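Chemist: The following block contains a protein sequence and its predicted model.
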Amino acid sequence: SIMVLAYRRPTLFFLARFTIVLISISYLKEKQCDAFLSSSQVVFKKQCLSQIDGSRTQVRANSQLDSPVVIERDGQNIIDSPDSWIAEGIEKHLVDTNISIDSTIEEKKPGLNENERFRCDSSVQLWRDFRADGSFEDLRRAQKLITAASSYSSSGGLRRQAYWSSHLLRTTYFLGNAVVGMMAKDLNDRRKKRSISTDDNADGAISTTKGSSIANIAKSGLVARMLLEVAIVYNQDWRWIESKSINFPWDALVTDQNKNEIKIQLDHKQNSPLFALLETSRLIRESVGIFSRRDKLGGSPSEPWLDRKKTASAMAYPEYYFNDFHYQTDGWMSSSSASVYEVSTETLFLGKQDAMQRQTLIPLVQHFENDESPAAILEVACGTGRFATFTRDNFPKADMTLTDLSPFYLEKARQHDQYWMDYRGEEALKENLINTDIKPAKFVQANAESLPFPDNSFDAVTCVYLFHELPENARLNAISEMARIVKPGGIIVLTDSIQLGDRSDSDDRIGNFKDLNEPHYENYISTEFSKWFENCGLVCDKKYVSSTTKTVSFIKPRNVNSSNV
C-alpha cells in the first residue's frame with residue numbers, strides 16, 4: 001500500500017512519511033518534545049562568528065579569504081529579521097574567543113598547530129569557537145528560529161528558495177531515516193529480550209542504558225546540536241553557491257538552473273519516492289547489522305567474508321583494507337555495501353555530507369580562477385563516485401580519472417558517472433560554452449600507496465575521507481604518490497575528518513569514533529600531516545572547516561621535479 005501511494009500520490013507519500021516521523025516521537029515526555037522542537041528550528045541559519053564584549057556583540061566572519069560577512073547586533077537593538085533571530089539563537093553555541101588556552105595542551109593538537117601554515121578561511125575560526133553543548137533558552141526563541149528558518153525557503157530570490165527548499169526536504173528525509181533506523185534497532189533489541197540505547201556520559205563516552213534509543217538521544221539534546229550544525233553547513237555551502245564560486249547542486253530536487261523560474265526535478269532518480277523507499281529499506285537492514293556488530297564486538301573488528309590474509313597475499317591488497325570500517329556489512333568488498341554506503345553516511349550526518357564534501361571544490365576553483373580549467377583531474381579513493389559528479393559538473397571540460405581499491409565501489413562510481421552524463425553532461429558543456437562531446441571518466445582499480453600513473457600527470461588531485469582509515473605509514477606513502485603525479489603548478493586537495501584542535505568542543509570526545517571499528521582514527525586525529533606534504537616539496541595553501549570535516553590544499557611549485565619527491 002505504501003509503495004502504491006508513493007507511486008501514484010508522491011506528495012501524499014512525503015506528507016505521510018513526515019507525519020510518521022512526528023508520531024514516532026510523540027510518546028516522548030513534554031520536555032523531550034520541547035527539546036526536539038527546539039532543535040528543529042535550525043534547519044537553516046547564517047554563518048557567523050561571535051565575539052562577546054560586554055553588552056555589545058558583533059557577529060561577523062573574520063576572514064583571510066573571501067567568505068561572506070553576516071550581521072551586527074548592538075545591545076538590545078536587535079534587527080527584527082530572520083537573520084537576527086538566527087544570530088540570537090546561535091550566539092549561545094559560540095564561546096568567547098578571548099578564553100585563555102593552556103599552550104602545553106595545545107601543542108599536541110595538529111588541527112590548531114597547522115593553522116599557521118595555511119591561509120585559513122573564516123570557517124576555521126568559526127568552528128574552532130563553536131560550542132556544541134549549548135542550548136536554546138525556551139520554546140519562544142525556538143519558535144522564532146523556526147519562523148526564520150522557514151523564511152529562507154520562501155524569500156530572497158529563486159536560487160535561494162530553491163537551495164533551502166531542497167535541503168530542508170533533504171534533511172527531513174534523512175532525519176526520518178535516522179528515526180526509522182533507531183526504531184528498527186530498538187525492535188531488534190526487544191526481540192532479543194534486551195533494550196540498548198546510547199546516551200552521552202559526562203566525558204562524552206557511549207553508555208548502555210535501558211529504554212528507547214530515540215527517547216534517550218532526544219533527551220540528551222544530540223538532535224538539536226546536530227540540526228544546528230546542519231544549518232551552519234548548509235549556509236556555508238549556499239554562500240559559495242550564491243557567490244557563483246561553485247555550481248548549484250546538479251541533483252537538487254528544486255533548482256532554478258540560472259533561469260528565472262524554479263524547476264522541480266522529479267525526473268531525477270533520487271527524487272523518486274520509490275527510490276527513497278528502496279534506500280530506506282536498505283538503511284533499516286544495515287542499521288540493525290551495524291548496531292548488532294558494534295554491541296557484540298565493542299570496537300574490535302569482525303572477520304570479513306573474504307579470507308583476510310590469503311586474499312591480501314594473492315590479490316596484492318593491503319591487509320588493513322579488509323577491516324569492515326564502521327561495521328558496515330562486508331566492509332568495502334561487496335556490491336550491497338556500495339549500494340547502502342551513501343544512504344548510511346548521509347543519514348549519520350542528517351544530509352549534510354554532500355555539502356561538507358563540496359567544500360573540496362573551493363580551493364580547486366580558486367586555484368584555476370585566472371587560468372584555463374584543469375585539463376586532467378584525479379580523485380584518489382573515490383568510493384561510490386558521488387563527489388566526482390560534483391567535480392565534473394564544475395569542470396566539465398576536464399578529463400576525469402577515478403581510482404579506488406574496491407571493484408564494487410568503482411562499479412558504483414561508474415554508474416554515477418554515466419547517470420551524470422545522461423542527465424546533466426550535455427547541458428553542463430553548453431553552460432560552459434564547450435563545443436565538444438561529453439566523455440566518460442576513466443576508472444582505475446589502484447592502491448593510493450602505489451598509483452599507476454607517470455610523474456606530473458594531473459593538474460589537480462583530490463582525496464576525500466581516506467586518510468583517517470589508513471595506517472600512518474600508508475598515509476605517508478599516499479602523500480608521496482600524490483605529490484609525484486601532480487603537475488608543477490598543480491594542486492592537491494585533501495578533505496577528511498577534523499583533528500584534535502580543529503574544534504575545541506570536540507577534543508574530549510572525538511576519539512570515541514574509533515569504537516565504531518576505526519582502528520587508525522586515534523592516530524589520525526593526533527598526527528599533523530601537513531608537514532609530510534611539505535617534506536614532499538609541496539606548499540601549504542588554504543584551509544576550510546565545515547562541521548566535522550576539514551579541507552586543506554597544497555600547491556606543487558613549478559620548479560619542483562617529481563623525481564626528487
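Modeler: Now that the structure is in, tell me what you want to look at.
Chemist: just checking, what packs against the longest helix seen in the chain?
Modeler: In the chain, assigned by DSSP state H, the helix with the most residues is helix 158-191. Counting contacts by 3 or more Cβ pairs under 8 Å, 6 or more residues apart in numbering; DSSP states H and E, helix 158-191 is packed against helix 10-25, helix 139-152, helix 213-220, helix 222-242, strand 254-255, helix 273-297, helix 335-348. Any C-beta I mention is one placed from the backbone N, CA and C, and that applies to glycine too.
Chemist: Now do the helices in the stretch 301-450 of the chain.
Modeler: Under the criterion DSSP state H, counting those that start in this stretch, the stretch 301-450 of the chain contains helices at 308-315, 335-348, 353-358, 361-367, 386-394, 407-420, 426-431.
Chemist: Give me the neighbour count for residue 191.
Modeler: Around residue 191 there are 9 other residues, counting by other Cβ atoms under 10 Å.
Chemist: show me where pLDDT drops low in the stretch 401-550 of the chain?
Modeler: The model of the stretch 401-550 of the chain has no residue with pLDDT under 70.
Chemist: just the strands in it please.
Modeler: All strands of the stretch 401-550 of the chain, identified by DSSP state E, counting those that start in this stretch, fall at 442-445, 458-464, 486-497, 539-546, 549-555.
Chemist: where exactly do the helices run in the stretch 451-565 of the chain?
Modeler: Under DSSP H, counting those that start in this stretch, the stretch 451-565 of the chain gives helices at 472-485, 521-525, 530-535.
Chemist: Of all those, which one is nearest residue 390?
Modeler: Nearest to residue 390 among the helices of the stretch 451-565 of the chain is helix 472-485; the distance by Cβ to Cβ comes to 19.9 Å.
Chemist: With just CA atoms, put the closest one into CSV.
Modeler: Written as CSV, here are the backbone C-alpha positions of helix 472-485 (Å, rounded to 0.1, in the frame of the first residue of the first chain):
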residue,chain,number,x,y,z
GLU,A,472,50.3,6.1,9.4
ASN,A,473,52.9,4.5,7.0
ALA,A,474,50.2,4.1,4.4
ARG,A,475,49.3,7.9,4.7
LEU,A,476,52.9,8.7,4.1
ASN,A,477,53.1,6.6,1.0
ALA,A,478,49.8,8.1,-0.3
ILE,A,479,51.1,11.6,0.2
SER,A,480,54.3,10.8,-1.7
GLU,A,481,52.4,9.3,-4.6
MET,A,482,50.0,12.3,-4.9
ALA,A,483,52.9,14.7,-4.8
ARG,A,484,54.7,12.7,-7.5
ILE,A,485,51.8,12.6,-10.0
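Chemist: just to revisit the earlier point, could you redo the helices of the stretch 301-450 of the chain as JSON lines and give each row distance to residue 323?
Modeler: As requested, those are exported to JSON lines (distance: least, Cβ to Cβ, whole Å):
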{"stretch": "helix 308-315", "distance to residue 323": "9"}
{"stretch": "helix 335-348", "distance to residue 323": "13"}
{"stretch": "helix 353-358", "distance to residue 323": "21"}
{"stretch": "helix 361-367", "distance to residue 323": "30"}
{"stretch": "helix 386-394", "distance to residue 323": "22"}
{"stretch": "helix 407-420", "distance to residue 323": "15"}
{"stretch": "helix 426-431", "distance to residue 323": "37"}
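Chemist: Mind checking those helices for the one nearest to residue 277?
Modeler: Closest to residue 277 of these is helix 335-348 (Cβ to Cβ; 11.3 Å).
Chemist: any idea of the mean pLDDT in the closest one?
Modeler: In this model, helix 335-348 has a mean pLDDT of 90.
Chemist: Now for the closest residue to residue 546 other than its chain neighbours, how many residues are close by?
Modeler: Counting by Cβ to Cβ, 6 or more residues apart in numbering, residue 356 is the residue found nearest to residue 546 once chain neighbours are left out, at 4.6 Å. Applying other Cβ under 10 Å, we find 24 other residues in the vicinity of residue 356.
Chemist: And residue 356, how close does it get to residue 250?
Modeler: From residue 356 over to residue 250 the distance is 17 Å, taken as Cβ to Cβ, to the nearest Å.
Chemist: and if you look at residue 448?
Modeler: Going from residue 448 to residue 250 by Cβ to Cβ gives 27 Å.
Chemist: Check residue 267 too.
Modeler: Applying Cβ to Cβ, the value for residue 267 to residue 250 is 13 Å.
Chemist: Which residue of the two possesses the greater neighbour count?
Modeler: A direct count of neighbours by other Cβ under 10 Å for residue 267 and residue 250 places residue 250 higher, at 20 against 9.
Chemist: what residues are up against the more buried one?
Modeler: Residues in contact with residue 250 (Cβ atoms under 8 Å, 6 or more residues apart in numbering) are 389-390, 393, 420, 423-424, 428.
Chemist: can you redo these as a markdown table with neighbour count and distance to residue 348?
Modeler: Formatted as a markdown table, the contacts of residue 250 follow (neighbours: other Cβ atoms under 10 Å; distance: Cβ to Cβ, whole Å):
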| residue | neighbour count | distance to residue 348 |
| --- | --- | --- |
| 389 | 24 | 21 |
| 390 | 20 | 19 |
| 393 | 22 | 24 |
| 420 | 24 | 24 |
| 423 | 17 | 26 |
| 424 | 19 | 27 |
| 428 | 21 | 30 |
